[in-house]
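Engineer: Predicted model, plus sequence, below.
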Amino acid sequence: MYKDLEGNTAIVTGASSGIGRAIALRFGQEKMNVIINYLGNEQEVQQMVSEIESYGGKAVGVYGDVTSEEDVSKLVAAAHDHFGSLDVMVNNAGIENEVPSENLSLKDWRKVLDVNLTGTFLGCREAIDYMIEHQIKGRVINISSVHETIPWPHFLHYAASKGGVKMITETLALEFAPKGIRVNNLGPGAIDTPINAAKFSDPEAKKGVESLIPLGYIGRPEEIAAAAAWLASSESSYVTGITLFADGGMTKYPSFQGGHG
Ligand code: NAD
């Protein structure tokens, strides 16, 4: 636990499932105030609010689509209205779908870019604008992916969006370092969340993915949340503009393991 996070306010987008849910709950354990942005199941969010309160944190669920300027600005307003601050912005909402690139429709391309890239841009812009106005040395954490660097056939739009998120992070880190605002990417590898449910329900497919991970197992959302808490905390005070890969070593050419190649 990071003592300095206690009482800080965070927004987590797409926080009602998977990695976002784990980050919101971890922030609750850190006794933070959390805006739980969701697009789906409100009942689940209410359970999360209760869980966060049981840890000594505070939370409010706010419905909103990260591709809408108005909705994203409402998230920041909710942080201000409920908790009087915004210290940590986690742009986590993301989608993917598998399509061979020669069949990728413009509609699918736009949808994935809209959520993963434009949603991240809007979240960064609104949060940083607030942090500057209130002279807060805030932290922005963008949930990218190993696919900001590993090409991913059949997921062209997804890989392009995450490559874009990397440059959003690096550019904003440079632009706002003089204000003391830190902007970092968190790049998960293969994590056991609903986005992968279909893939991992097939034991052969799951084994195939595991073979790409030097540590040998699919990560848990809590392991990504732990990295997010560190990036949010002052323990990472000298870190900005990086991608912290939490990927079991996936980005380190696992096929060379054991001296192959
Ligand atoms: P998930 O499907 O459980 O979570 C994605 C969340 O985003 C959902 O709660 C969904 O409702 C929300 N969302 C989608 N569109 C939205 C919109 N327009 N506005 C607001 N919310 C929206 O999957 P996850 O694995 O938890 O994914 C979280 C993030 O982690 C994504 O950005 C994903 O690309 C990234 N990621 C996941 C993995 C993995 O293996 N699970 C690996 C690398 C990166």
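Structural biologist: Yep, that arrived.

Engineer: buried sites along stretch 77-97?
Structural biologist: By neighbour count with 16 or more other Cβ atoms under 10 Å, stretch 77-97 contains the buried residues 78-79, 82-83, 85-96. (C-beta placed from N, C-alpha, C; glycine too.)

Engineer: now the helices for the stretch 1-150 of the chain?
Structural biologist: 18-29, 42-55, 69-83, 106-113, 119-133 (DSSP state H, counting those that start in this stretch).

Engineer: Give me the contact list for the first one.
Structural biologist: Pointing back at helix 18-29 there. With Cβ atoms under 8 Å, 6 or more residues apart in numbering as the test, helix 18-29 has contacts from 1, 5, 10, 12-15, 34, 36-37, 48, 51-53, 55-57, 59, 88, 90, 92-93, 143, 188, 191, 193-195, 220-222, 224-226, 228-229, 232.

Engineer: from the buried residues of stretch 77-97, which two are the most distant?
Structural biologist: Ser85 and Glu96 (32.8 Å; Cβ to Cβ).

Engineer: where along the stretch 101-250 of the chain do the strands fall?
Structural biologist: 139-143, 182-188, 243-246 (DSSP state E, counting those that start in this stretch).

Engineer: can you list the residues of the stretch 51-200 of the chain near the ligand?
Structural biologist: By the rule Cβ under 6 Å from any ligand atom, the part of the stretch 51-200 of the chain lying against the ligand is 65-67, 92-95, 115, 119, 143, 145, 188, 190-191, 193-196.

Engineer: How many residues are close by Pro153?
Structural biologist: 9 (other Cβ atoms under 10 Å).

Engineer: what are the C-alpha coordinates of stretch 56-64, in PDB please?
Structural biologist: The C-alpha trace of stretch 56-64 is given here as PDB (Å, rounded to 0.1, in the frame of the first residue of the first chain):
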ATOM      1  CA  GLY A  56     -12.000   2.700   3.600                       C
ATOM      2  CA  GLY A  57     -12.100   4.300   0.200                       C
ATOM      3  CA  LYS A  58     -15.000   6.200  -1.400                       C
ATOM      4  CA  ALA A  59     -16.500   5.700  -4.800                       C
ATOM      5  CA  VAL A  60     -19.200   6.900  -7.200                       C
ATOM      6  CA  GLY A  61     -20.300   5.200 -10.400                       C
ATOM      7  CA  VAL A  62     -20.700   7.500 -13.400                       C
ATOM      8  CA  TYR A  63     -22.200   6.200 -16.700                       C
ATOM      9  CA  GLY A  64     -20.400   7.500 -19.800                       C
END
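
Engineer: ok, of the contacts of helix 18-29, which come out buried?
Structural biologist: 5, 10, 12-15, 34, 36-37, 48, 51-52, 55, 57, 59, 88, 90, 92-93, 143, 188, 191, 193, 221, 224-225, 228-229, 232.

Engineer: Wait, Val209 touches Gly216, no?
Structural biologist: No: using Cβ atoms under 8 Å, Val209 is not in contact with Gly216, being 10.9 Å away.

Engineer: more neighbours, the two?
Structural biologist: Neighbour totals were compared for Val209 and Gly216, and Val209 leads with 16 against 11 (other Cβ under 10 Å).

Engineer: The residue lying closest to the more buried one once chain neighbours are set aside: what's it in contact with?
Structural biologist: Counting by Cβ to Cβ, 6 or more residues apart in numbering, Val209 lies nearest to Ala190, which is 5.0 Å off, once chain neighbours are set aside. By Cβ under 8 Å, 6+ apart, the contact set of Ala190 is Asn196, Val209, Leu212, Ile213, Ile218, Gly219, Asp247, Gly248, Met250.

Engineer: Low-confidence regions, the chain specifically.
Structural biologist: Nowhere does the chain drop to pLDDT under 70.

Engineer: Kindly recompute the last result at 90.
Structural biologist: Within the chain, the stretches with pLDDT under 90 are 40-41, 198-199, 258, 260-261.

Engineer: Next, the buried residues of the longest helix along it.
Structural biologist: Longest helix of the chain, by residue count under DSSP state H: helix 156-176. Residues of helix 156-176 classed as buried by neighbour count (16+ other Cβ under 10 Å): 156-166, 168-170, 172-173, 176.
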